[in-house]
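1. Okay, predicted coordinates and the sequence, questions at the end:
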Amino acid sequence: MGDGLANELLYSEIEARQVAVQPSALECEVIRLFDQYREPLLRYTLSFGLRVQDGEEVIQEVFLALFRHLRKGRSRRNLPGWVFTVAHNLALRQRQTNQRFEERLRLDDESARSVSDDASDPEARVLFKEREKRLLDAVQSLPQQDRACLRLRAEGLRYREIARVLGISLGSVASSLARSLARLMCLDQRLQHGK
């Protein structure tokens, strides 16, 4: 008799867990839309000159935004148009970010070449080391969360992964990184121009 009750409680607990794991109707709808529009959205984002990895990340952001949009009870009118509009805006933003990053790499490469060209110049080496030290000090002076976001991004983690690791929102990650990078780039430009 006791075993029957124990088994009944066990099955009830298993059923309760299965019910808790079942996706909501909203989640099912967003998954269905994701399955339907993922490929066309990927092709569209790639037409902006994005890498596949960046396109995939844009699509993840689109459907995360869609889920939030629908969860807040906002308009369901023309959802295909909505997802393509959001993808368009995010792809443009990603392309600009990539272009700035590539420009920064190009400038860094030119700086490194000029430093190596001036390797025999002790003054150039001292200036380079001073610039490097001040940038590292600036990173250390960032708030802890900003430093953590910056380090995780430098390790190659995506915004969503950083948010998960740090237990913060995706928006917090994006604003933290934008703020930190802007601050460091501004300082670096001042240091390069001797200000």
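-> Received, thanks.

2. for the spatially most central residue of the chain, what are its contacts?
-> Among the residues of the chain, the one closest to the centroid is Y159, at 2.3 Å (CA atoms, centre = their mean). For Y159, the residues meeting the contact criterion (CB atoms under 8 Å, 6 or more residues apart in numbering) are 57, 153, 170, 173-174, 177. The C-beta positions use only the backbone N, C-alpha and C, and glycine is treated the same way.

3. So which of those wins on neighbours?
-> Highest neighbour count within these: V173, with 25 neighbours (other CB atoms under 10 Å).

4. give me the element the closest residue to R183 other than its chain neighbours is part of.
-> The spatial neighbour of R183 that comes closest, neighbours along the chain excluded (CB to CB, 6 or more residues apart in numbering), is A138 at 6.9 Å. Secondary structure assignment for A138, by DSSP states H and E: helix 122-141.

5. now, among the contacts of Y159, which is nearest to A124?
-> Proximity of the contacts of Y159 to A124, judged by CB to CB, is greatest for R153, which lies at 30.0 Å.

6. hey, which helix or strand in the protein has the poorest pLDDT?
-> Here the helix or strand of the chain ranked lowest by mean pLDDT, DSSP states H and E is helix 2-21, holding a mean of 58.
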